[in-house]
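A.B. asks: Here is my input, please return the structure:
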Amino acid sequence: RATITWGESPGAFVREYQAEYAPQGTLQWVALPRTAATTQDVEDIDPGTYLFRVKAVNALGVSSPYTSEVVRAI
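C.D. replies: Alright, predicted model coming up:
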């Protein structure tokens, strides 16, 4: 299991967040379910090094750019 945590968006109309992860070197992103929380668990993830990113989505479905990817070894 990996736990992803991010800071709350300063946007006044942010409704939820979209987090994704990819094994380093593949860039095959796996989308996690959208959430209103600022933390999310990734279940059944294999040990390795991953890239994680997140974006904010407002009430109209418009999203911010993704954050810069962060590499983490698990």
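A.B. asks: Show me the residue at the heart of this structure, geometrically.
C.D. replies: A19 (2.1 Å; CA atoms, centre = their mean).
A.B. asks: is that residue in a bridge, and if so with what?
C.D. replies: Per DSSP bridges, residues listed as beta-bridge partners of A19: V54.
A.B. asks: For G7, give me phi and psi.
C.D. replies: phi -80, psi 150 (degrees, to the nearest 10).
A.B. asks: Burial check on it, number of neighbours?
C.D. replies: By other CB atoms under 10 Å, 8 other residues sit near G7. Bear in mind the C-beta positions are built from the backbone N, C-alpha and C, glycine included.
A.B. asks: what's near enough to touch the residue nearest to it when sequence neighbours are not counted?
C.D. replies: Closest residue to G7 apart from its sequence neighbours, by CB to CB, 6 or more residues apart in numbering: T38 at 6.8 Å. By CB atoms under 8 Å, 6 or more residues apart in numbering, T38 lies in contact with 5-8, 17.
A.B. asks: From L27, how far off is T38?
C.D. replies: Distance, T38 to L27, using CB to CB, to the nearest Å: 25 Å.
A.B. asks: ok, which stretches of this protein are helices?
C.D. replies: With DSSP state H as the criterion, the chain has no helices.
A.B. asks: Show me where this structure has its strands.
C.D. replies: 2-5, 14-23, 30-31, 39-42, 49-58, 70-73 (DSSP state E).
A.B. asks: okay but Q24 is in contact with F52, surely?
C.D. replies: No - with contact defined as CB atoms under 8 Å, Q24 and F52 do not form a contacting pair (10.4 Å).
A.B. asks: Neighbour count for these two, which is higher?
C.D. replies: F52 (22 against 13).
A.B. asks: Could you measure from that one over to S68?
C.D. replies: Applying CB to CB, the value for F52 to S68 is 10 Å.
A.B. asks: Likewise for T38?
C.D. replies: To S68, T38 is 17 Å away according to CB to CB.
A.B. asks: try R34
C.D. replies: 20 Å.
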